[in-house]
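# fold the following, please.
(one chain, ligands or ions: 1)
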Amino acid sequence: MAGRKAVTRVGEAADAKPTRARAATKTAAKTKAAAKRPPTRRAKPHAGRQRKSEHVAEILRLLDEQYGTAKCALDHRSAWELLVATILSAQCTDVRVNTVTPKLFAAYPTPEAMAAAPIEALEALIRTTGFYHNKAKSIQGAGRVISRDFGGRVPQTMEELLTVPGAARKTANVVLGVAFGKAEGVVVDTHVFRIARRLELAQGETPQKVEQELMRVVPRERWIAFSHELIHHGRAVCEARKPKCRQCVLETLCMAKDKTWQS
Ligand code: SF4
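Got it, this is the predicted structure:
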C-alpha cells in the first residue's frame, strides 16, 4: 500500500509539472496572438443613441408632414377659458366640452365670476362632461385661486399653475403651450401615452414617466406641436382598440405588438 501511495504521489507530481508548463505556454501564445490581431471593430458607444435619434427625427418629420397644421381642439378665447376647458376635458371628448363651454362662459366669464358661482349652477352647466361634481369644484376653485393669488390672470409658470385646483401637469402643459407658447413639458394625454409607447419612444407605465422620457428624446422646440400631432394621429388612425395600421404614415417605423397590419 505504502509503495502504491508513494508511486501515486510521485506520478501526480510528475504530471503536474508539464500541465502547468503547458498552460503557461498556451497563455503566452494567446497573448502573442492577441497582440498581433488587428483591433476588433466594436460598435460605437453612441451608435444606439444615434439610431434612436434618427428614429425620432423620422417620426417627427412624418407627423409634421401629415398633421403639420394640427391645433388644440378645445374652443377658447383666452388662457382662462382654455384652462377651464382643459379641466373639463378630463375623461371627456373635446367635442363634448365645446358644446358646454359657450353657455358656461356666457354665464360666468371671468375667474371672479366663476369663483362666486353657486356650485349647483356650475354642475348643471357642465353635467354632460362627466364627473361634474369634482369638475365643478375644480373650476370654481380655479377661479378663486386665480382671482385671489394671481390678480385674475392665469399664471405663466408651471410652478404657479400647479397651485390651481384641477390643474395637474397635463393641464398646465396645455395652457402654457397653447395659450402662451411656452414649452415647459410635453402634454401626455391618453393618445400621447398610448402612441409614444407603441412607437417605443417611451416605456414608462405612468403619464409622468412617459412625459420625462419624451422630454429626453424629442427636441424642445417640437414639444408643443408634437403633442398636437400625436393627439390627432390617435384620433384619426392610431386608435386604442383597433389602430388603422394599414393607413398609418408611421407603419414602417412601428413595432407595436398590437399592430393590425404589417407591410
Ligand atoms: S402602425 Fe399602427 S400601432 Fe403603429 S403607430 Fe401606426 S396605427 Fe399606431
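# what residue ranges in the stretch 1-150 of the chain score low on pLDDT?
1-46 (pLDDT under 70).
# count the residues that sit near the residue in it positioned nearest to the ligand.
Nearest residue of the stretch 1-150 of the chain to the ligand, counting by CB to the nearest ligand atom: I59, 9.0 Å away. Every residue, glycine included, has its C-beta placed from N, CA and C. Neighbour count for I59, taken as other CB atoms under 10 Å: 24.
# cool, and G151?
Neighbours of G151 (other CB under 10 Å): 9.
# what of T206?
So T206, with other CB under 10 Å, has 10 neighbours.
# got the CA positions of stretch 202-220 in CSV?
This file holds the C-alpha atoms of stretch 202-220, laid out as CSV (Å, rounded to 0.1, in the frame of the first residue of the first chain):
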residue,chain,number,x,y,z
ALA,A,202,-41.2,55.7,-24.1
GLN,A,203,-41.7,52.7,-21.9
GLY,A,204,-43.0,54.3,-18.7
GLU,A,205,-46.1,53.0,-17.0
THR,A,206,-47.4,56.4,-16.0
PRO,A,207,-48.0,59.6,-17.9
GLN,A,208,-45.4,61.4,-15.7
LYS,A,209,-42.7,58.8,-16.7
VAL,A,210,-43.7,58.9,-20.3
GLU,A,211,-43.5,62.7,-20.3
GLN,A,212,-40.0,62.6,-18.8
GLU,A,213,-38.9,60.1,-21.5
LEU,A,214,-40.4,62.2,-24.3
MET,A,215,-38.7,65.3,-23.0
ARG,A,216,-35.4,63.5,-23.4
VAL,A,217,-35.9,62.2,-26.9
VAL,A,218,-38.0,64.9,-28.6
PRO,A,219,-36.3,68.3,-29.2
ARG,A,220,-37.8,71.0,-27.0
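# may I see the buried residues of it?
By neighbour count with 16 or more other CB atoms under 10 Å, stretch 202-220 contains the buried residues A202, G204, P207, V210, E211, E213, L214, M215, V217, V218.
# identify, from those residues, the entry nearest to the ligand.
Here the nearest of the buried residues of stretch 202-220 to the ligand, counting by CB to the nearest ligand atom, is A202; it sits at 13.3 Å.
# need the contact list for that closest one.
By CB atoms under 8 Å, 6 or more residues apart in numbering, the contact set of A202 is A196, K209, V210, E213, L214, V217.
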